[in-house]
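In: fold the following for me, if possible:
(2 chains)
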There are 2 protein chains.
Amino acid sequence: MESKELVEKIFANEKRYVSRAISIIETGNSISTELLKEIHKKTGKAYRIGITGPPGAGKSTLTNQIAKFYRKQNKTVGIIAVDPTSPFSGGALLGDRVRMNEIGMDSGVFIRSMATRGSLGGLSKKTIDAADVLDAAGYDYIIFETVGVGQSELDIAKAADTTIVVLVPESGDSIQAMKAGLMEIADFFVLNKSDRPGADTAITAVKTILMLREHSTKSWLPNILKAVASENNGTKEIADEIERHKEFLQTNNLLQEKREENFRARIKEIVELLIRNELWKNQREEKLNEHLKQVVEGGASPYQVAETLFNDYKQGS
Amino acid sequence: MESKELVEKIFANEKRYVSRAISIIETGNSISTELLKEIHKKTGKAYRIGITGPPGAGKSTLTNQIAKFYRKQNKTVGIIAVDPTSPFSGGALLGDRVRMNEIGMDSGVFIRSMATRGSLGGLSKKTIDAADVLDAAGYDYIIFETVGVGQSELDIAKAADTTIVVLVPESGDSIQAMKAGLMEIADFFVLNKSDRPGADTAITAVKTILMLREHSTKSWLPNILKAVASENNGTKEIADEIERHKEFLQTNNLLQEKREENFRARIKEIVELLIRNELWKNQREEKLNEHLKQVVEGGASPYQVAETLFNDYKQGS
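Out: Coordinates of the predicted model:
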């Protein structure tokens, strides 16, 4: 299929082709770049939500409830679940199956899992590119669901317009979430499974931490909401808080600013990728190999070799 | 102080200057590069051990016990603790104080914490550079102690000659460790706090997982050892296993190969850093800014702008 034809199918939101386009992005060939260039003009209308938190916090269930809530308002939803797949974990597959039964048959919902395995580094770029496809296909909301453990996953959450960090009453998780940098990216928090013991303690802990933070000059103070996603408890409040944050961003002209910052990061990443691809072509990799033995034996330092290769690249050889 | 003078002080293992050199590396100025070039010829003698695992697994205690064990054999030890510091966690500071009381006064031990906060991305490079300083100062063993949550921390552990993943009986942690990619990097495992309930179950779980893995053609099968670090239980067995792995690497000519691979990654990172520094000079950042508004409004795609900037860089403008 011609790239142009595929683009038309995406604009018409033909799911089969939307799915194919994301597969093309995952493989990352040259068609992918062409495709992304062509669909760009139709992007920017979807509102992007990042949902992240420690494993087991109930992010998938929460995502499903939010999606169902939006569907009742006649809004369409694209979900990209970023799954740090391990050959040892079967959880993702099972989760997907449950999920598909619940909302996957709804024509207004598109669900896609993207695995981190073997693609670390390029993952955030590919995930955000995939969101562009859903945006161009006309989905009103795009939800990135990530496990906040790696840098890629954090980058994805940051690329959202509104980022929600999901925690659970077990305080250990909250503390780990903080350490992993989740506190810094939250536009608001959801304490899921808040019917469990320790919920109030956890909320107090998070609030204390939030108060200790330097106050943003932009005057948005992250809230913490209670939820029991498995019982669809708190979903409306979460959707309301997303709306409130969206309005805050729009009123203060911050949505445009935030998106510009995200594009800035993306463009830089693409430029660096183009350079890296050209930089490590066979003959330069060979030059590097020639120097390696010397480096291990102490004859030349990594910095000396790096400078040689850098100058080599700049001279276009 | 002249860089040359500082280098001599490092070679003489004057702790104050070793410490200053690492601070120079942390700030990452041009003296840092000069320094690293000059000390390189004295590096390569230290044996590098990575100790990683989930938070709370007792890595610091274990590191201390191993350090004390080596000290009894009259070997010197440099410890670099990579701490994903958060303004919210006071744990690191407390840990350091306890640690300093125990082994910090020993002139044959050098301890340094390096924080990830605000330096994500550059952290692994700086940590490995700091290890070079300790190596040049003549420490026999260098231990990297990292919390295996981010990519940087994993990169550091991978840069070691022998990598130990520490787990605890609570199976949730083991599963998370697997998901975070820790299973792939372990040369062997230590089940710490193995006097707690569930130890044997955890060992069986890890062994099962190890059996499911594809067998390496290089015939090293990761072991799992029990320990109770707080009671100095299992320390000798761990040191023995490190020795066994070291001999395995040497006998099979893999130590050289492993170090070459690490240097390859380091050199590439340095070249890319040199390019990035030159690439995003003010005038190109300004060009990027000029395009941003257009991108947000859908006029130009990030890929188009990236290609423009890439060509711009290549033409040396």
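
In: for chain A, what spans make up the strands?
Out: A:47-53, A:77-83, A:109-115, A:141-147, A:162-167, A:188-191, A:223-226 (DSSP state E).

In: give me the residue at the spatial middle of chain A.
Out: A:Ile156 (2.5 Å; CA atoms, centre = their mean).

In: so what's that one scoring on pLDDT?
Out: You'll see A:Ile156 listed with a pLDDT of 81.

In: same thing with A:Gly90?
Out: 35.

In: same check on A:Ile24?
Out: 91.

In: low-confidence stretches in the stretch 151-300 of chain A?
Out: A:151-153, A:171-181, A:212-218 (pLDDT under 70).

In: indicate the residue of the stretch 151-300 of chain A located nearest to chain B.
Out: Residue nearest to chain B within the stretch 151-300 of chain A (CB to the nearest CB): A:Ile270, separated by 3.6 Å. C-betas here are computed from N, CA, C, even on glycine.

In: follow-up on the earlier one: would you turn the strands of chain A into a markdown table with distance to A:Asn262?
Out: Output for the strands of chain A, formatted as a markdown table (distance: least, CB to CB, whole Å):
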| stretch | distance to A:Asn262 |
| --- | --- |
| strand A:47-53 | 9 |
| strand A:77-83 | 15 |
| strand A:109-115 | 18 |
| strand A:141-147 | 12 |
| strand A:162-167 | 12 |
| strand A:188-191 | 19 |
| strand A:223-226 | 23 |
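
In: take those strands and lay them out in TSV including distance to chain B and mean neighbour count.
Out: Converted to TSV, the strands of chain A look like this (distance: least, CB to the nearest CB, whole Å; neighbours: other CB atoms under 10 Å in any protein chain shown):
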stretch	distance to chain B	mean neighbour count
strand A:47-53	13	26
strand A:77-83	10	25
strand A:109-115	12	19
strand A:141-147	8	26
strand A:162-167	13	27
strand A:188-191	14	25
strand A:223-226	15	18
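
In: could you say which one of those comes nearest to B:Asn74?
Out: For the strands of chain A, proximity to B:Asn74 was assessed by CB to CB; strand A:141-147 is nearest, at 45.4 Å.

In: tell me the mean pLDDT for the closest one?
Out: 91.

In: which neighbours in the sheet does it have, and how are they oriented?
Out: strand A:47-53 (parallel), strand A:77-83 (parallel) (DSSP bridges).

In: check the offset of the first one from the chain's centre.
Out: Strand A:47-53 sits 7 Å away from the centroid of its parent chain (CA atoms, centre = their mean, to the nearest Å).

In: could you export it as PDB, CA atoms only?
Out: Backbone C-alpha positions of strand A:47-53 (Å, rounded to 0.1, in the frame of the first residue of the first chain) are rendered in PDB as follows:
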ATOM      1  CA  TYR A  47      -5.900  15.700  24.600                       C
ATOM      2  CA  ARG A  48      -3.100  13.500  25.900                       C
ATOM      3  CA  ILE A  49      -3.200  11.900  29.400                       C
ATOM      4  CA  GLY A  50      -0.400  10.100  31.000                       C
ATOM      5  CA  ILE A  51      -1.200   7.500  33.700                       C
ATOM      6  CA  THR A  52       1.800   6.200  35.500                       C
ATOM      7  CA  GLY A  53       2.700   4.700  38.900                       C
END
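
In: just confirm A:Pro26 contacts A:Thr127, I think it does.
Out: Not Pro; residue A:26 is Glu. No: using CB atoms under 8 Å, A:Glu26 is not in contact with A:Thr127; the gap is 9.6 Å.

In: what's the domain layout of chain A?
Out: Residue ranges for the domains of chain A, per automatic domain parsing: A:42-254, A:280-314.

In: just put the ones you listed in a markdown table and tack on distance to A:Arg16.
Out: Converted to a markdown table, the domains of chain A look like this (distance: least, CB to CB, whole Å):
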| stretch | distance to A:Arg16 |
| --- | --- |
| domain A:42-254 | 11 |
| domain A:280-314 | 36 |
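
In: winner for burial among these?
Out: Comparing the domains of chain A by mean neighbour count (mean count of other CB atoms under 10 Å in any protein chain shown), domain A:42-254 ranks first with a mean of 19.

In: give me the common contacts of A:Glu26 and A:Thr127.
Out: Counting by CB atoms under 8 Å, 6 or more residues apart in numbering or on different chains, the residues touching both A:Glu26 and A:Thr127 are A:Met114.

In: coming back round to it: surely the residue nearest to the centre of chain A is in contact with A:Ile143?
Out: No: if you go by CB under 8 Å, A:Ile156 and A:Ile143 don't touch, sitting 11.1 Å apart.

In: anything in contact with each of the two?
Out: Contact criterion CB under 8 Å, 6+ apart; residues shared by A:Ile156 and A:Ile143: A:Gly50.

In: in chain A, which helix is the longest?
Out: Secondary structure of chain A per DSSP state H: the longest helix is helix A:254-279.

In: show me what that helix packs onto, helices and strands only.
Out: helix A:123-136, helix A:235-251, helix B:254-279, helix B:282-296, helix B:302-314 (3 or more CB pairs under 8 Å, 6 or more residues apart in numbering or on different chains; DSSP states H and E).

In: quick one: is the shortest one near chain A?
Out: Right, helix B:302-314. Yes: using CB under 8 Å from any CB of the partner chain, helix B:302-314 reaches chain A at B:302-307, B:309-310, B:313-314.

In: now the helices and strands packed on helix A:254-279 in TSV, with distance to B:Glu14?
Out: Output for the helices and strands packed on helix A:254-279, formatted as TSV (distance: least, CB to CB, whole Å):
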stretch	distance to B:Glu14
helix A:123-136	44
helix A:235-251	54
helix B:254-279	26
helix B:282-296	40
helix B:302-314	43
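
In: of all these, which one comes closest to A:Phe263?
Out: Each of the helices and strands packed on helix A:254-279 has some distance to A:Phe263 by CB to CB; the shortest is helix B:282-296, at 4.8 Å.

In: now do the closest one: everything it contacts.
Out: Counting by CB under 8 Å, 6+ apart, A:40, A:44, A:256, A:259-260, A:263-264, A:267-268, B:300-302, B:305, B:308-309, B:312-313 sit against helix B:282-296.
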